[in-house]
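>>> Output the structure for:
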Amino acid sequence: MVPKYIVLKEKINEDILSDIYPLDSKLPTEVELAEKYKVSRSTVRQALELLVNDGIISKRWGSGNTVISKSDSSKKKTVMILMPEMKSAQAQSILDDLTSTLLKEGYAIESHETLQQYSLEREYLSTMLTDIYSGLIIAPVLSAMPSTNSDLLHLLLKRQLPIIFLEAAPTGVYNATVVASDNYGRGYQMARRFINSGRKKLGGIFIHDSAASIAAFSGYVDAIRDAGLAICDSCFLWCNSVDPQGINTRNVTFINKFLKHACEEAEVIYLDDERIGTEWLFPVKTNQLELNKPLGKEAAKKFIEIKKNGNATGITIPYH
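Purely as a prediction, here's the structure:
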């Protein structure tokens, strides 16, 4: 459930908006507010502090609380969208579809790029604890790794906040509504394309901290085995989504050193992250498949379904 002080903050703000407490007027005392709204003084103090932070009231020692602005600071119709990156064509397409679909349903959008940083993701999730948002759509940071923000996600879910996870939910977050692409199928189909074109020795570059890329790797190697072909260990490389300081797994020079040796055995190397630079000096192939349905639109539909029905099942969208 939403904490009482947040609910009270919204009630007082609604009363300010409806001129029960006009501009430049004094709010009732903490004791009077506690009695009127049937809450404790501690709850009143916390609610007033939020209104001060929002610039709705001013608080001066000995002179009470004064209404200084009328602003609907409520986030009750706002959906927060968190994504590790928003600059790639794929991410921009997802964000555009999410935004256009939700705007048509009357929702406001607040989107943030977490840059694959747990601390930044935590900062945005924490803001949702001090307001009433309509919901959250999130592509978790480093989706294949244990999340340091599972505690906040559990707390938001406990408050019955509608949450849609894109591609994967963090480990330990159960009964989550996940809208994902069929990444296993993507890897399998890409390997089959290479094999059907006559290539018998395949390699690949995958992302070890991405749940989507790990699933694609599983499909890729399964297709190789199913075709009765050998898997060449030295023809596969695992990279980071974002390199920490001092690490260079995504560096062009590093990638090309790997490709120089891998291509002595492999006839083609599948690159599972198009943002990794290779200078295209070697026979590298990227994903050529398309989703049957737009991921962003399907995620927005699932969010709307939760808002209307209270729950929704996840969905996996196949490629073709």
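
>>> how about the helices of the stretch 1-150 of the chain, start to end?
4-17, 30-37, 41-53, 89-104, 118-127, 150-158 (DSSP state H, counting those that start in this stretch).

>>> Could you export the ones you listed as a markdown table, including mean pLDDT and mean neighbour count?
All C-beta spots, glycine's among them, are computed from the backbone N, C-alpha and C. Supplementary listing: the helices of the stretch 1-150 of the chain in a markdown table, determined by pLDDT from 0 to 100; neighbours: other Cβ atoms under 10 Å:
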| stretch | mean pLDDT | mean neighbour count |
| --- | --- | --- |
| helix 4-17 | 89 | 19 |
| helix 30-37 | 92 | 15 |
| helix 41-53 | 91 | 18 |
| helix 89-104 | 95 | 17 |
| helix 118-127 | 96 | 16 |
| helix 150-158 | 95 | 15 |
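
>>> looking at those helices, which is closest to Glu290?
When the helices of the stretch 1-150 of the chain are ranked by proximity to Glu290, the top entry is helix 89-104, at 10.9 Å, counting by Cβ to Cβ.

>>> neighbouring contacts of that closest one?
Contacts to helix 89-104, defined as Cβ atoms under 8 Å, 6 or more residues apart in numbering, come from residues 79, 81, 83, 85-86, 109, 111, 137, 166, 294-297, 299-301, 303-304.

>>> ok, now which ones touch the closest residue in space to Val7 that isn't next to it in sequence?
Excluding its sequence neighbours, the residue lying closest to Val7 (Cβ to Cβ, 6 or more residues apart in numbering) is Ile132, at 7.5 Å. For Ile132, the contacting residues are 2, 6-7, 10, 74-76, taking Cβ under 8 Å, 6+ apart as the criterion.

>>> Just list the residues touching the residue of the chain most remote from its centre, thanks.
With Cα atoms, centre = their mean as the measure, the chain has its most outlying C-alpha, relative to the mean C-alpha position, at Gly62: 45.0 Å. With contacts defined as Cβ under 8 Å, 6+ apart, Gly62 has no neighbours.

>>> Roughly how far does it sit from Asp243?
55 Å (Cβ to Cβ, to the nearest Å).

>>> again with Asn175
Remark: distance between Asn175 and Asp243 (Cβ to Cβ) = 34 Å.

>>> Of the two, which one has the most company?
The residue with more neighbours, out of Asn175 and Asp243 and counting by other Cβ atoms under 10 Å, is Asp243; that gives 14 against 8.

>>> any idea whether Gly203 is helix, strand or coil?
With DSSP: H, G, I helix; E, B strand; the rest coil as the basis, the three-state label of Gly203 is strand.

>>> does it have beta-bridge partners, and which?
Ile269 (DSSP bridges).

>>> So it sits against Leu271, correct?
No - taking contacts as Cβ atoms under 8 Å, Gly203 lies outside contact range of Leu271: 9.9 Å.

>>> Comparing these two, which shows the higher neighbour count?
Neighbours were counted for Gly203 and for Leu271 using other Cβ under 10 Å; Gly203 has more, 26 against 22.

>>> Next up, the contacts around the more buried one.
Gly203 is in contact with 232, 235-237, 262-263, 265-266, 268-270, counting by Cβ under 8 Å, 6+ apart.

>>> could you flag which of those residues are buried?
Restricting the contacts of Gly203 to buried positions leaves 235-237, 262-263, 266, 268-270, with burial counted as 16 or more other Cβ atoms under 10 Å.

>>> quick one: which two of the residues you listed are the most distant?
Distances among the buried ones among the contacts of Gly203 were taken as Cβ to Cβ; the most separated pair is Leu237 and Val268, at 14.0 Å.

>>> Output the worst-scoring helix or strand of the chain on mean pLDDT as PDB, nothing but the C-alphas.
Of all the helices and strands that make up the chain, strand 57-60 has the lowest average by mean pLDDT, DSSP states H and E, namely a mean of 85. Output of strand 57-60 as PDB, limited to C-alpha atoms (Å, rounded to 0.1, in the frame of the first residue of the first chain):
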ATOM      1  CA  ILE A  57       3.900  25.700   0.800                       C
ATOM      2  CA  SER A  58       6.500  27.600   2.800                       C
ATOM      3  CA  LYS A  59       7.300  26.700   6.400                       C
ATOM      4  CA  ARG A  60       8.600  29.300   8.900                       C
END
